[in-house]
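Asker: need the 3D shape of this:
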Amino acid sequence: MTKFSIVNYAKESYVELMQKVSWPTWSELQGSAIVVSIASLIIAMAVYLMDKSFQVILESFYKLF
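Answerer: Residues are numbered from 1 along each chain as shown. Predicted coordinates:
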């Protein structure tokens with residue numbers, strides 16, 4: 001890449017970010033953050049429950065031997 005193409009790329013990127021990208025509003029960001037937080041907690045609980053179940057199953061299995 002030449003210096004000219006790098007400068008041109010930077011200028012075009014700036015124009016695109018400032019004029020063509022639709023940025024979310026603050027309330028949309030808050031709503032998305034809440035959805036992501038709740039989904040993360042649900043997934044964490046599912047993983048925790050699977051881990052505990054496998055622990056109980058394997059401990060019972062190992063006690064047989």
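Asker: can you spell out which helices and strands pack onto the lowest-mean-pLDDT helix or strand in the chain?
Answerer: The weakest-scoring helix or strand in the chain, judged by mean pLDDT, DSSP states H and E, is helix 3-15 (a mean of 88). Helix 3-15 sits against no helix or strand, with contacts defined as 3 or more CB pairs under 8 Å, 6 or more residues apart in numbering; DSSP states H and E. Any C-beta I mention is one placed from the backbone N, CA and C, and that applies to glycine too.
Asker: buried set for the longest helix along the chain?
Answerer: Longest helix in the chain, counting residues (DSSP state H): helix 26-63. Buried residues in helix 26-63, counting neighbours by 16 or more other CB atoms under 10 Å, are absent.
Asker: just how off-centre is that helix within its chain?
Answerer: 14 Å (CA atoms, centre = their mean, to the nearest Å).
Asker: now do stretch 14-27
Answerer: The answer for stretch 14-27 is 20 Å, by CA atoms, centre = their mean.
Asker: same check on stretch 54-65?
Answerer: 35 Å.
Asker: what mean pLDDT does that stretch get?
Answerer: The average pLDDT within stretch 54-65 is 95.
Asker: host element of P24?
Answerer: Assessed by DSSP states H and E, P24 sits outside every helix and strand.
Asker: neighbours of it, how many?
Answerer: 10 (other CB atoms under 10 Å).
Asker: how close does the most centrally placed residue in the chain get to L29?
Answerer: With distances taken as CA atoms, centre = their mean, V36 lies nearest the centre of the chain, 7.7 Å away. Look at V36 and L29: by CB to CB, to the nearest Å, they are 10 Å apart.
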